[in-house]
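# Build me a structure from this.
(2 chains, ligands or ions: 1)
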Amino acid sequence: MSKVIYKLGEDISTDIIYPGRFMATVLPSETPQFAFMDLKDLNKMLVNKEVPKGSIIVADKNFGCGSSREQAVSTLKGHEVVIIAKNFARIFTQNSVNLGLQLVICPKIEANVGDELEVSDNKVINKTTGKTFEVIPNHPAQQAIIDAGGLIPYTRQRLMAKS
Amino acid sequence: MGQTVVQKILAKASGREKVEVGEIVEPKVSLAMSHENGALVINQFNEIFNGTGKTAKVWDSDRIALIFDHRVPAESSKTATNQMKIRQFVKAQGIKKFHDMRGDEMGVCHQILPEYGYVRPGYVVCGTDSHTTSHGALGAFSFGIGATEMASVWTLGTALNVPVPPTIKVVVTGKLPKYVEPKDLILYLIGKISAEGANFKVIEFHGDTIKNMPTSGRLTICNMAVEAGATSGIVPGDSETVRFLREEANVTDEIDLVEPDSDAVYDSIVEIDASKLSPQIACPHTVDNVKPIDELLGMHVDQVVIGSCTNGRLDNLKTAAEIMSGKKVARGTRMLVFPASGKIYREALKQGYLLTLMEAGALIANPGCGPCLGVHQGALGDGEKALSTTNRNFKGRMGNPNSEVYLCSPATAAASALTGVVTDPRKETK
Ligand code: SF4
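Residues are numbered from 1 along each chain as shown, chains lettered A, B, ... in the order given. Below you'll find the predicted structure:
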């Protein structure tokens, strides 16, 4: 079970998640410091490790819209947060699958900061309110990459199979 | 059951007769483009080969394009070092479609690809940039991917696990009024279907307005298809595509046009009467917050920007010069112009557009992405408002989360620069 640490609205763009001005920093090991840099309170919570791994950020629809920058995923992955949103933008979704960031598509999610949630493959139970919400499962094509541990090992397997 | 253009392209690239919407394919990639984020792609590419005992070699050095545009000239030592790494990689791998910082060859990636004829109808194009949707303007299936996915493409030459997307058909008819531009059309569409209205889908453009639209305008509308969430925008290749490739991109080899079947099945159909459109403005901080210009007339603007992969083309500069000729940028407003490529810059010099704009008070920057992504040029002060022909107005996009970005056409930008307030180009220039 994990706690909701922050709530965000609709159309949270990659510029909010990882502002363009930090894009010269590319290595996944270096990006976490800039997560949500313009939302000072959230950035501080993450960077100062004030919240445990697996903490949840809840958003409305179209999370991750905008650019293809993979830093927007590696920065969140670095903090081991789980994102629950009503839906996610396409490139962000694929990047998350490729890098192993857990996204939970939950079209009807209702949760507030401080609520305790139990997340499984097919549902989210809000233990605080007692309500249950349906989760849209990963596409089988994405699941294959997730099961391989991400796109790098997946492609490596393909490369080895080629010869 | 007939197929859409993208179904046909994906079927061919996957060695299939037909593909159904939703099924998973692995198409061969015709062109793979990256810009400065190539530095991260290189890192992930080496990671794939790590421990395999194989030499890290790209699948086809002729099908990879690397273009410096986001941070030119480099704004920091970090960027300069990334660019250096890319240059070394390009040399080691023998990549020829490389565009460094040079007045003769440089430009924004989404201008360079069409300008050099790197994209053809029927191609599968992917790029580590969300606005890779632009190249659908030439009848290609063209979409944005992340750096790790690109590393995979560089390794295998295919895009893995691509679900065949459903297609929205947009039919645009009627003549766009004077100073109502393709930009206004796409802003209107995004406002209508919303920022997620085409998420995971393709937008296929049809109708006489599109038929009569030059490739420059088609690039603008396909460029912004991603702002409605689309995987790709596409204008099926036609006689204009052939004209552009032959006359403007000097392509001499065979061009294969791919058209949708007349009984193709669409997810939905949207119809727009272009003759009824007015100039449109996307207000902060989402691209679908679109209003007709009437609702914003008179609003003060601190900075006007003309440029980017959306609207930094020669005809855009021509329109601006036409409106601003012999006039002055209002005091209290600054105007930045950044042509999309070196070729456009040089041609605009020859035609006198840049002279006209400079005499009016505009600052002409070097070709590249410039202020569009808020990295090293044209940042905004706290509380300032920018009116820009770029494609995104997200909070912080122009380098300052405490500022506002409004998106518009080149004509609206130029007319407003003269008055310092949002001004309707149809009235200002009568
Ligand atoms: S001009 Fe702007 S939108 Fe276009 S590629 Fe450059 S940064 Fe991206």
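# Residue 122: what's it in contact with?
Assuming you mean chain A. Counting by Cβ atoms under 8 Å, 6 or more residues apart in numbering or on different chains, A:Asn122 makes contact with A:Glu134, A:Val135, A:Pro137. C-betas here are computed from N, CA, C, even on glycine.
# ah, I was thinking of chain B
Here B:Gly122 is in contact with B:Ile9, B:Lys12, B:Gly139, B:Ala140, B:Gly237, B:Asp256, B:Leu257, B:Val258 (Cβ under 8 Å, 6+ apart).
# Briefly note if the longest helix belonging to chain A comes near chain B.
Secondary structure assigned by DSSP state H gives helix A:151-162 as the longest helix of chain A. Yes: judged by Cβ under 8 Å from any Cβ of the partner chain, helix A:151-162 and chain B are in contact via A:Leu151, A:Ile152, A:Tyr154, A:Thr155, A:Arg156, A:Arg158, A:Leu159, A:Met160, A:Lys162.
# cool, and stretch A:49-69?
Yes: Stretch A:49-69 lies within reach of chain B by Cβ under 8 Å from any Cβ, at A:Lys61, A:Asn62, A:Cys65, A:Gly66, A:Ser67, A:Ser68, A:Arg69.
# In ChimeraX, select just the buried ones from those.
To isolate the buried subset of the residues of stretch A:49-69 next to chain B in ChimeraX, counting by 16 or more other Cβ atoms under 10 Å in any protein chain shown, use the following:
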select /A:61,62,65,66,67,68,69
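# Is it possible to get TSV of the residues of stretch A:49-69 next to chain B that adds secondary structure, distance to the ligand and pLDDT?
Shown next, in TSV, are the residues of stretch A:49-69 next to chain B (DSSP: H, G, I helix; E, B strand; the rest coil; distance: Cβ to the nearest ligand atom, whole Å; pLDDT from 0 to 100):
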residue	secondary structure	distance to the ligand	pLDDT
A:Lys61	coil	23	95
A:Asn62	coil	18	95
A:Cys65	strand	14	94
A:Gly66	coil	10	93
A:Ser67	coil	7	94
A:Ser68	coil	10	94
A:Arg69	coil	10	95
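# quick one: the strands in chain A?
A:2-7, A:56-59, A:82-85, A:103-105, A:116-119, A:123-126, A:131-134 (DSSP state E).
# Of the residues of stretch A:49-69 next to chain B, just say which sits nearest to B:Lys183.
The closest of the residues of stretch A:49-69 next to chain B to B:Lys183 turns out to be A:Gly66 (Cβ to Cβ; 18.6 Å).
# in chain A, which segments are predicted with low confidence?
For chain A, the stretches with pLDDT under 70 are A:163.
# which secondary structure elements does the longest helix of chain A contact?
On a contact count with 3 or more Cβ pairs under 8 Å, 6 or more residues apart in numbering or on different chains; DSSP states H and E, helix A:151-162 meets helix A:90-99, helix A:140-148, helix B:38-49, helix B:147-156.
# Settle this for me: A:Lys7 is touching A:Val58, isn't it.
Yes: assessed by Cβ atoms under 8 Å, A:Lys7 is found in contact with A:Val58 at 5.1 Å.
# overlap in contacts of these two?
Among the neighbours of A:Lys7, those also in contact with A:Val58 (Cβ under 8 Å, 6+ apart) are A:Ala111.
# My guess is A:Arg21 contacts B:Gly374. True?
Yes: proximity of A:Arg21 to B:Gly374 meets the contact threshold set by Cβ under 8 Å, at 5.7 Å.
# what does the stretch 301-430 of chain B have sitting close to chain A?
Residues of the stretch 301-430 of chain B found near chain A (Cβ under 8 Å from any Cβ) are B:Leu373, B:Gly374, B:Val375, B:Arg392, B:Phe394, B:Lys395, B:Gly396, B:Arg397, B:Gly399, B:Pro401.
# can you tell me which two in these are farthest apart?
Taking Cβ to Cβ, no two of those sit farther apart than B:Val375 and B:Lys395, at 15.8 Å.
# more crowded one of these two?
Using other Cβ atoms under 10 Å in any protein chain shown as the criterion, B:Val375 and B:Lys395 rank with B:Val375 on top: 24 against 21.
# Can you classify the more buried one by secondary structure?
Following DSSP: H, G, I helix; E, B strand; the rest coil, we place B:Val375 in the coil state.
# can you give me the strands in the stretch 201-350 of chain B?
Along the stretch 201-350 of chain B, the segments classed as strands by DSSP state E, counting those that start in this stretch run B:202-206, B:232-234, B:268-273, B:280-282, B:290-292, B:303-307, B:334-338.
# Minimum distance to the ligand: which of those strands has it?
Ranking those by their distance to the ligand (criterion: Cβ to the nearest ligand atom) puts strand B:303-307 first, at 7.3 Å.
# and that closest one, what does it pack onto?
Judged by 3+ Cβ pairs under 8 Å, 6+ apart, the packing partners of strand B:303-307 are helix B:314-324, strand B:334-338, strand B:385-388, helix B:410-419.
# the inter-axis angle of the last one versus strand B:303-307?
So that's helix B:410-419. Inter-element angle recorded for helix B:410-419 and strand B:303-307: 150 degrees (by axes from the mean of the first three to the mean of the last three Cα atoms, to 10 degrees).
# So for helix B:410-419, mean pLDDT?
Helix B:410-419 shows a mean pLDDT of 98.
# Which strands and helices lie in contact with that helix?
With contacts taken as 3+ Cβ pairs under 8 Å, 6+ apart, helix B:410-419 sits against strand B:303-307, helix B:314-324, strand B:385-388, helix B:425-428.
# Please save the CA atoms from that helix in PDB.
Extracted in PDB, the C-alpha atoms of helix B:410-419 (Å, rounded to 0.1, in the frame of the first residue of the first chain):
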ATOM      1  CA  PRO B 410       2.900  34.700 -38.900                       C
ATOM      2  CA  ALA B 411       0.400  37.300 -40.200                       C
ATOM      3  CA  THR B 412      -1.100  37.800 -36.800                       C
ATOM      4  CA  ALA B 413       2.400  38.000 -35.200                       C
ATOM      5  CA  ALA B 414       3.600  40.600 -37.700                       C
ATOM      6  CA  ALA B 415       0.500  42.800 -37.500                       C
ATOM      7  CA  SER B 416       0.600  42.700 -33.700                       C
ATOM      8  CA  ALA B 417       4.400  43.600 -33.600                       C
ATOM      9  CA  LEU B 418       3.500  46.900 -35.300                       C
ATOM     10  CA  THR B 419       1.000  47.900 -32.700                       C
END
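# Quick check: buried residues in that helix?
Going by 16+ other Cβ under 10 Å, helix B:410-419 has these buried residues: B:Pro410, B:Ala411, B:Thr412, B:Ala413, B:Ala414, B:Ala415, B:Ser416, B:Ala417, B:Leu418, B:Thr419.
# Redo the helices and strands packed on helix A:151-162 as JSON lines? Include mean neighbour count and distance to B:Leu357.
Below are those laid out as JSON lines (neighbours: other Cβ atoms under 10 Å in any protein chain shown; distance: least, Cβ to Cβ, whole Å):
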{"stretch": "helix A:90-99", "mean neighbour count": "26", "distance to B:Leu357": "35"}
{"stretch": "helix A:140-148", "mean neighbour count": "16", "distance to B:Leu357": "48"}
{"stretch": "helix B:38-49", "mean neighbour count": "22", "distance to B:Leu357": "32"}
{"stretch": "helix B:147-156", "mean neighbour count": "27", "distance to B:Leu357": "36"}
